[in-house]
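>>> sequence and predicted structure are below.
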Amino acid sequence: MESSLELSSSLGSVSSLLSRYRTFKVLVIGDSGVGKTCLTHRLCAGQFPARVEATIGVDFRERLLDIDGEKVKLQMWDTAGQERFRKSMVQHYYRNAHAVLFVYDVTCPASFSGVPSWVEECRQNSLGHEIPRFLVGNKSDLRDPSRTQDQVSQEQAMSFAKVHRMMFFETSAKNPPPKQVNRRQCDGEVSYQQDKVEDIVMAVGAKLKRQKKPSATNALTYSGSYKFLNKKRPDKEPWTCC
Ligand SMILES: Nc1nc2c(ncn2[C@@H]2O[C@H](COP(=O)(O)OP(=O)(O)OP(=O)(O)O)[C@@H](O)[C@H]2O)c(=O)[nH]1
């Protein structure tokens, strides 16, 4: 039988292993169907999920990073975009959050128009520009340079990000570019730029690492994916936009 001395020593090593990581809670929010779940999978596991369903409540995934020799753990909270799956949980999402990713779908202007209401919901829950905030245009693989009208331009998104003091990225959870890509139109103008998913992760980690305050969620957190609300999920309805 393990002696109390051995037990406390092994508990000590577990706790020192956990405390080596500064843990940060990162909210991923935006309208339903913009790809929050897929993007969170990609950011944390490096993969596009084979099958996705509407998020109910919230899912968690974690990503461990080593930034300049410091261990950082990003705990990504993938929140439900559909009002009916989030209403009772809203205050829990926002409590002790360290950063927010506002996600929209570049092929769905309505999802971009919805971003201000997510910013407002954050503000009502005491999350303003004092924490790092990121604007992420997802589904860049679906961008069609010949059809500009029903897509969100990068100029629009960049000026929104500037006004709201956010870092801006555009990427694809499904088919992320292996490196930063600049697409050029015939006249030589840069029409849009795609970012690597890894650049987003590193930017979030680097911004948070510079935060002075110790993490409030630095208690017991575990690697991997786990769910907060594990109700039976309905299959996702086919996604249509605009
Ligand atoms: N082409 C393309 N499709 C994507 C991308 N990201 C997500 N999708 C698709 O978009 C749909 C919605 O993705 P989800 O990740 O479930 O969206 P969500 O924002 O989490 O939705 P809720 O859980 O309802 O809030 C799915 O059919 C995905 O396969 C992407 O980068 N490119």
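That came through fine. Computed from a predicted model, the values in this text were never measured in an experiment.
>>> helices of the protein, residue ranges please.
Counting by DSSP state H, the chain has helices at residues 4-19, 36-45, 90-94, 109-113, 115-124, 154-163, 197-209.
>>> gap between Asp91 and the ligand?
Quick fix: residue 91 is Gln, not Asp. 18 Å (CB to the nearest ligand atom, to the nearest Å). From N, CA and C alone the C-beta is placed, and that goes for glycine too.
>>> which pLDDT value goes with that residue?
pLDDT, Gln91: 76.
>>> show me what contacts it?
Counting by CB atoms under 8 Å, 6 or more residues apart in numbering, Gln91 touches Asn125.
>>> also the one 10 residues further on?
For Leu101, the contacting residues are Val26, Leu27, Val28, Ile29, Leu39, Arg133, Phe134, Val136, Ile200, Val204, by CB under 8 Å, 6+ apart.
>>> list just the nearest of these to Ala80.
Ile29 (9.4 Å; CB to CB).
>>> quick one: the strands in the chain?
Counting by DSSP state E, one finds strands in the chain at the ranges 22-29, 58-67, 70-79, 99-105, 133-138, 167-170, 181-184, 190-194, 225-227.
>>> the third one versus helix 36-45: what angle between them?
Between strand 70-79 and helix 36-45, the angle comes out at 160 degrees (axes from the mean of the first three to the mean of the last three CA atoms, to 10 degrees).
>>> name the strands paired with strand 70-79 and say parallel or antiparallel.
strand 22-29 (parallel), strand 58-67 (antiparallel) (DSSP bridges).
>>> what's the most buried one of those?
Ranked by mean neighbour count, the strands paired with strand 70-79 are led by strand 22-29 with a mean of 25 (mean count of other CB atoms under 10 Å).
>>> that strand: how far from the chain's middle?
Centroid separation for strand 22-29 versus its chain: 8 Å, with CA atoms, centre = their mean, to the nearest Å.
>>> give me the residue at the spatial middle of this structure.
Val28 (3.9 Å; CA atoms, centre = their mean).
>>> ok, that residue touching Leu74?
No - using CB atoms under 8 Å, Val28 is not in contact with Leu74, being 10.5 Å away.
>>> of all the helices of the chain, which lies closest to Arg63?
Of all the helices of the chain, helix 36-45 sits nearest to Arg63, with 4.4 Å by CB to CB.
>>> fine by me, thanks again.
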